[in-house]
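[1] Take a look and give me a structure for this.
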Amino acid sequence: MAEQITTTPPVSNFWQNPRVRLRAIEPGDAETFHRWNQDSERARNLDFIWPPVSLASQRVFAEEASRRKMENDRLQWIIETIDGTPVGMIDTHHCDHRTGNFSYGVDIAGEHRGKGYAAEAIRLVLRYYFDELRYQKVTVNVHADNLASLRLHEKLGFQREGLLRRTQYSHGCYIDEIFFGMTVEEFRALYGSVEG
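    As a prediction, the model looks like this:
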């Protein structure tokens, strides 16, 4: 009698593709956050150069974030490679379920930039908000001097929608913010949808 071999079908994980996986923040991520926060140019691109933050403070943040549940459709994820190396973060905010609009922020650690991780993570988040949560539009603001982020959003197919003059301050200069948007229809035309 031949031995019968059974195989388990592979687990399908919505939160990963062949290059990246999005996962929840874990308490052990504090050391990674502390290391990332040593990069002042990273901070400048996100917001402004903030004062040094202690490892103890990062531990408290990571512990609290690891217990946080989705509230008002806002989420935070670690972006990691398939082998489990953390490369950045992405979070959603300004989620308005009534109008179907939301925003996000994405951040890739310096040593991992330019490898496509941000684009992959953004597409996963957009697919979730458009195809699972029924949002219809995403809007993102980018500092006008953040050339990598401007190129990223143009390459992803976002439309430039406007500019607010002199809303940020860094390096002794006032900086404009450029707004990009993408509708669910534009996303589906570029990337398809779960339905087909």
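
[2] quick one, longest helix in this protein?
    Longest helix in the chain, counting residues (DSSP state H): helix 117-131.

[3] now for the lowest-mean-pLDDT helix or strand in the chain, which elements pack on it?
    Least confident helix or strand, the chain: helix 40-46 with a mean of 86, by mean pLDDT, DSSP states H and E. Applying 3 or more Cβ pairs under 8 Å, 6 or more residues apart in numbering; DSSP states H and E, we find helix 40-46 packed against strand 101-108. (Glycine included, C-beta is placed from N, CA and C.)

[4] what residues does the strand it packs on touch?
    Contacts with strand 101-108, where a contact means Cβ atoms under 8 Å, 6 or more residues apart in numbering, come from 36, 42, 45-46, 73, 79, 87-96, 117-118, 121-122, 125, 129, 135-141.

[5] in that strand, what's buried?
    In terms of neighbour count (16 or more other Cβ atoms under 10 Å), strand 101-108 has its buried residues at 101-104, 106-108.

[6] Using a markdown table, please lay out those residues together with pLDDT and distance to Pro51.
    Supplementary listing: the buried residues of strand 101-108 in a markdown table, determined by pLDDT from 0 to 100; distance: Cβ to Cβ, whole Å:
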| residue | pLDDT | distance to Pro51 |
| --- | --- | --- |
| Asn101 | 98 | 33 |
| Phe102 | 98 | 30 |
| Ser103 | 98 | 26 |
| Tyr104 | 98 | 25 |
| Val106 | 98 | 23 |
| Asp107 | 96 | 18 |
| Ile108 | 97 | 23 |
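
[7] how far out from the middle of the chain is the helix or strand following the least confident helix or strand of the chain?
    Next in sequence after helix 40-46, counting helices and strands by DSSP states H and E, comes helix 55-67. Relative to its chain's centre, helix 55-67 lies at 19 Å (Cα atoms, centre = their mean, to the nearest Å).

[8] same thing with stretch 130-140?
    14 Å.

[9] sorry, back to before: could you work out the most separated pair of the buried residues of strand 101-108?
    Across the buried residues of strand 101-108, the longest distance by Cβ to Cβ is 24.5 Å; it joins Asn101 and Ile108.
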